[in-house]
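Peer 1: structure of the sequence below:
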Amino acid sequence: MKGNLLLRNVLLEGCSCDIYIKDGTISRIGSALQCGDGIQVLDGRGMSVLPAFVNMHTHAGMTLFRGICEDMPLKAWLDAVWKAETALDDDLVYWGTRLACLEMIRTGTVAFNDMYWRIDRAAQAVEDSGMRARLTYCFLDGGNPDKQRLQREECEAMYAESRSWSSRVRFGVSIHAHYTVSDDNMLWAADFARSRGLLLHTHLSETRTENEAHQARYGVSPTRRLADMGLLGRDLTAAHTLWLSDEDVRLLGDSGTTVVHNVNSNLKLASGWRFRYNELRDAGANVTMGTDGAGSSNNLDLREALKTAALAQKAWREDPAALPLDELLAMGTVNGARALGLNSGKVEEGALADLILVDTASPFFVPAHNFKANFIYSANSSCIDTLICGGRILMQGGRVEGQEEVLARAREETERFLRKINA
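Peer 2: Model (predicted):
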């Protein structure tokens, strides 16, 4: 039965239990549960259960760009990427997204919030992978009136098509950034999304240069101008949010905006590292975690990003107590689920059964003084044995069904992509 599963003998917060999943939801947690005949049973002895990760900022199809734009600051990196993206076609986006889904499944991510191109093909890739995703139509017009009109028409058509997608894949709207989209289209995109109950997604204050240029042109910060335009809010996810003033933090918090820390990408592009986690949390912002695309962060491993985020917070604040483990894990799970409108990111009755099982039979988990510390700081993501999405097992024993085909086709498409951009 799809979405019905009994996990036996798993460790939850250090205590052995059974978890009965019915119709994709955690129905009961207890000992020696009896759930009738015909239920799929997974013996989780030696495994610890955690909520699966939610990656709140990705460019999934960009996995095929992994490693081609190295050692560049953001402006040069963007120029190189945008040139390469002129070669994208349906098959490149489909197999690039399938590769991203495979990587995320293998590293414990069950859902992601994406900003990329040809989202109809990305939607098919997510459907075929079994994951959850919020796929956003991306506005990027450069102030060109023809592009403004075309993108509005494309957005409307893609939204109409998305009505046939499954419940695991949802449509949203992205404003690429305040410096790449005209004010008219930013306002149009926000109105289009909000009038239909859709979520918004944007890049915000990623680099010092971006902020300084905006201040020189408008006399205010990017966050202040977005607030004045009415774009901040609980339905907006703002990626990066690195270069923030105290007023910016207050505006993001008062509006309940979701912010995404993409620490590995920010470090690699030398965009910055002093993410104001404590201040944003205390102000009321919903603070989440992302990897960015594999073109900049090189991998989509959220557990690794969580470790880096904690280490960076402790270092720049000169405080080893900064970003404690429970808050860190919440950034990668329940906070992201909340932003996407999912009753997920937690292991409790009534929540969606989006779970990972962690194999503790390795030196990384010995001694077992603190499982969460071992998981984040000692182990690596190869310890994730099983991933479950809505009660459906997408990975078990570290193996994902169909992974060989995905890898083979991704290699073939990468070769074709390189021939196109070098022609």
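Peer 1: C-terminal to the helix or strand of the chain with the lowest mean pLDDT, what's the next element?
Peer 2: Here the helix or strand of the chain ranked lowest by mean pLDDT, DSSP states H and E is helix 74-85, holding a mean of 81. Once helix 74-85 ends, the next helix or strand along the chain (criterion: DSSP states H and E) is helix 90-106.
Peer 1: mind giving me the packing neighbours of that next one?
Peer 2: Applying 3 or more C-beta pairs under 8 Å, 6 or more residues apart in numbering; DSSP states H and E, we find helix 90-106 packed against strand 53-58, helix 119-129, strand 384-389, strand 392-396, strand 399-400, helix 403-421. Every C-beta, even on glycine, is put in place using the N, C-alpha and C of the backbone.
Peer 1: residue contacts, the residue nearest the centre of the chain?
Peer 2: In the chain, the C-alpha nearest the mean C-alpha coordinate belongs to N55, at 2.0 Å (C-alpha atoms, centre = their mean). Neighbour list for N55: 104, 109, 111-113, 289-291, 300, 302, 336 [criterion: C-beta atoms under 8 Å, 6 or more residues apart in numbering].
Peer 1: beta partners for it?
Peer 2: F112 (DSSP bridges).
Peer 1: and it, how far from P145?
Peer 2: Look at N55 and P145: by C-beta to C-beta, to the nearest Å, they are 35 Å apart.
Peer 1: likewise D183?
Peer 2: For D183, the distance to P145 equals 13 Å [C-beta to C-beta].
Peer 1: again, but for N4
Peer 2: Going from N4 to P145 by C-beta to C-beta gives 53 Å.
Peer 1: tell me which of the two has more neighbours.
Peer 2: Between N4 and P145, N4 has the larger neighbour count (other C-beta atoms under 10 Å), namely 20 against 11.
Peer 1: phi and psi next, for that one.
Peer 2: Backbone dihedrals for N4, given as degrees, to the nearest 10, come out at phi -110, psi 130.
Peer 1: the one 10 residues further on too?
Peer 2: According to degrees, to the nearest 10, the main-chain angles of G14 amount to phi 90, psi 0.
Peer 1: please apply the same query to F192.
Peer 2: phi -60, psi -50.
Peer 1: now do the end-to-end distance for stretch 350-362.
Peer 2: 32 Å (C-alpha to C-alpha, to the nearest Å).
Peer 1: just the helices in the stretch 151-300 of the chain please.
Peer 2: Along the stretch 151-300 of the chain, the segments classed as helices by DSSP state H, counting those that start in this stretch run 183-195, 208-218, 222-228, 246-255, 263-268, 277-283.
Peer 1: quick check: buried residues in the host helix or strand of K372?
Peer 2: Using DSSP H and E, K372 maps to helix 371-373. Neighbour-count burial for helix 371-373, with 16 or more other C-beta atoms under 10 Å as criterion, is recorded at F371.
Peer 1: packing partners of it?
Peer 2: Here helix 371-373 touches helix 325-332, going by 3+ C-beta pairs under 8 Å, 6+ apart.
Peer 1: mean confidence for the very next helix or strand once past the helix it packs on?
Peer 2: Per DSSP H and E, the first helix or strand lying C-terminal to helix 325-332 is helix 334-339. What helix 334-339 shows for mean pLDDT is 98.
Peer 1: what does helix 334-339 rub up against?
Peer 2: Contacts of helix 334-339 (C-beta under 8 Å, 6+ apart): 51, 53-56, 111, 113, 199, 237, 258, 286-289, 343-346, 354.
Peer 1: ok, the spatially closest residue to Q40 that is not a sequence neighbour - contacts?
Peer 2: Nearest residue to Q40 in three dimensions, chain neighbours excluded: L5, at 5.0 Å (C-beta to C-beta, 6 or more residues apart in numbering). For L5, the contact set (C-beta under 8 Å, 6+ apart) comprises 20-21, 39-42, 353, 388, 391, 393.
Peer 1: tell me the least confident of those residues?
Peer 2: Lowest pLDDT among these: I39, with 89.
Peer 1: which residues does the nearest residue to that residue once chain neighbours are set aside bridge with?
Peer 2: Using C-beta to C-beta, 6+ apart and skipping residues adjacent in sequence, the residue nearest I39 is L6, 5.2 Å away. Beta-bridge pairing of L6 under DSSP bridges involves Y20, V41.
Peer 1: my guess is L6 contacts I21, does it?
Peer 2: Yes - at 7.3 Å, L6 and I21 qualify as touching, with contact defined as C-beta atoms under 8 Å.
Peer 1: neighbour count for those two, which is higher?
Peer 2: Using other C-beta under 10 Å, the more surrounded residue of L6 and I21 is I21, with 25 against 21.
Peer 1: quick one, what contacts that one?
Peer 2: Here I21 is in contact with 3-7, 27, 353, 388, 391 (C-beta under 8 Å, 6+ apart).
Peer 1: one more pass at 6 Å, please.
Peer 2: Neighbour list for I21: 5, 353, 391 [criterion: C-beta atoms under 6 Å, 6 or more residues apart in numbering].
Peer 1: of those, which is the nearest to G130?
Peer 2: Closest to G130 out of these is G391 (11.0 Å), distances taken as C-beta to C-beta.
Peer 1: Y179 - nearest residue in space that isn't next to it in sequence?
Peer 2: E210 (6.5 Å).
Peer 1: any figure for the gap between M229 and I29?
Peer 2: Distance of M229 to I29, computed by C-beta to C-beta: 45 Å.
Peer 1: what's the burial count for N370?
Peer 2: Counted with other C-beta under 10 Å, N370 comes out at 14.
Peer 1: same deal with A227?
Peer 2: 21.
Peer 1: that one contacts L251, correct?
Peer 2: Yes - applying C-beta atoms under 6 Å, one finds A227 in contact with L251, separated by 4.7 Å.
Peer 1: which residues touch D354?
Peer 2: Counting by C-beta under 6 Å, 6+ apart, D354 has contacts 52, 110, 344, 389.
Peer 1: closest one of those residues to L328?
Peer 2: Closest to L328, out of all of these and judged by C-beta to C-beta, is A52, at 15.4 Å.
Peer 1: tell me if I'm right that that closest one and I356 touch.
Peer 2: Yes - in terms of C-beta under 6 Å, A52 counts as a neighbour of I356; the distance is 4.9 Å.
Peer 1: shared neighbours of these two, anything?
Peer 2: By C-beta under 6 Å, 6+ apart, the residues touching both A52 and I356 are 108, 387.
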